[in-house]
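In: This is a predicted model, with the sequence first.
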Amino acid sequence: MAGLVDFTQPTLYLSAATILFNPTFWNFVARTEYHNKTLTKLAGGNALYGCYGLAVTIFLLGLIRDAVYERALRQQPSHPAMLGFVPQALAVGLVASGNVLVLSSMWALGITGTYLGDYFGILMDEMVTGFPFNVTDAPMYWGSTLSFLGTALWYGKPAGVLLTVLVYTAYRIALTFEDPFTAEIYAKRERERRDAPKKKA
Ligand SMILES: *[C@@H]1O[C@H](CO)[C@@H](O)[C@H](O)[C@H]1NC(C)=O
């Protein structure tokens, strides 16, 4: 690794920190919202506005993370094998498919579906099963990972590949927290729907 990655650059660690911080932050905030309705209360009791506030925050944190990543890459050495036409063409393909996954997923889920609305009690009517969810179960996360990898290739930086592994790992861990939690939120709704008619009768 020595020579490929310059471990003396502080921006490398800053980038790693923002990559780890973001999913940790939104999982923590979303669970706090679920249990204590913190953001809903901050938004004057309006869950939708609370969710929009979180959406804007997550979006801005994402922009900061991406900017720090690019900056970190500029201060890293390039590798000759990662320079030239083939890596650049691959880079464009990766970033483009990454963006297709992220944007189509946002389109399919809407703002509240994308930005953890379920934790606010704003549930989707039905599970979205069409594209891009028939290609991958977490298109937002894998799309973002592809964009990181594409950017690493675009600049020809091995450090970018290393940071992409960190992005991948952070998302994998986030999913082990998020998937069972949201599954339970929807299972709870199903139980309540099932029980509701009995109570009326
Ligand atoms: C996913 O669904 C879209 C339509 O929503 C369809 O065009 C596409 O072929 C499907 N892809 C796979 C891999 O099933």
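Out: Great, that's in hand.
In: Look up how far Trp154 lies from the most centrally placed residue in the chain.
Out: In the chain, the C-alpha nearest the mean C-alpha coordinate belongs to Tyr141, at 4.7 Å (CA atoms, centre = their mean). Per CB to CB, to the nearest Å, Tyr141 is found 20 Å from Trp154. To be clear about C-beta, it is placed using only N, CA and C from the backbone, and glycine gets the same treatment.
In: ditto for Phe7
Out: Relative to Trp154, and taking CB to CB, Phe7 is found at 22 Å.
In: Comparing the two, which residue is more hemmed in?
Out: Using other CB atoms under 10 Å, the more surrounded residue of Phe7 and Trp154 is Trp154, with 19 against 12.
In: secondary structure element for the nearest residue to the more buried one once chain neighbours are set aside?
Out: For Trp154, ignoring the flanking residues on the chain, the nearest one in space by CB to CB, 6 or more residues apart in numbering is Ala91 at 3.9 Å. Assigned by DSSP states H and E, Ala91 falls within helix 85-114.
In: and the residue nearest to Leu42 when sequence neighbours are not counted, what helix or strand is that in?
Out: Spatial nearest neighbour of Leu42, chain neighbours left out: Gly50 (6.5 Å); criterion: CB to CB, 6+ apart. Using DSSP H and E, Gly50 sits within helix 47-74.
In: ok, the residue nearest to Leu42 - contacts?
Out: 33, 39-43, 120 (CB atoms under 8 Å, 6 or more residues apart in numbering).
In: Those residues of this protein touching the ligand, which are they?
Out: 130-131, 134-135 (CB under 6 Å from any ligand atom).
In: what's the closest of these to Leu83?
Out: Val135 (30.4 Å; CB to CB).
In: hang on, the closest one in a strand?
Out: No: counting by DSSP: H, G, I helix; E, B strand; the rest coil, Val135 is not part of a strand but coil.
In: per-residue pLDDT, it?
Out: Val135 carries a pLDDT score of 94 in this model.
In: same question, Ala201
Out: Ala201 is assigned 47 on the pLDDT scale.
In: next one: Asp125
Out: On the pLDDT scale, Asp125 gets 89.
In: What is the biggest helix by length in the chain packed up against?
Out: When the chain is parsed with DSSP state H, its longest helix is helix 158-200. Secondary-structure packing of helix 158-200 (3 or more CB pairs under 8 Å, 6 or more residues apart in numbering; DSSP states H and E): helix 10-36, helix 47-74, helix 139-155.
In: Mind checking these for the one nearest to Ala96?
Out: Nearest of these (CB to CB): helix 139-155, 7.9 Å.
In: where does the protein dip in pLDDT?
Out: 1-2, 197-201 (pLDDT under 70).
In: in stretch 26-38, what counts as buried?
Out: By neighbour count on 16 or more other CB atoms under 10 Å, the buried set for stretch 26-38 is 26-27, 29-31, 33-34, 37.
In: got JSON lines for those residues, with distance to Phe148 too?
Out: JSON lines is the format used below for the buried residues of stretch 26-38 (distance: CB to CB, whole Å):
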{"residue": "Trp26", "distance to Phe148": "17"}
{"residue": "Asn27", "distance to Phe148": "19"}
{"residue": "Val29", "distance to Phe148": "23"}
{"residue": "Ala30", "distance to Phe148": "23"}
{"residue": "Arg31", "distance to Phe148": "25"}
{"residue": "Glu33", "distance to Phe148": "27"}
{"residue": "Tyr34", "distance to Phe148": "29"}
{"residue": "Lys37", "distance to Phe148": "34"}
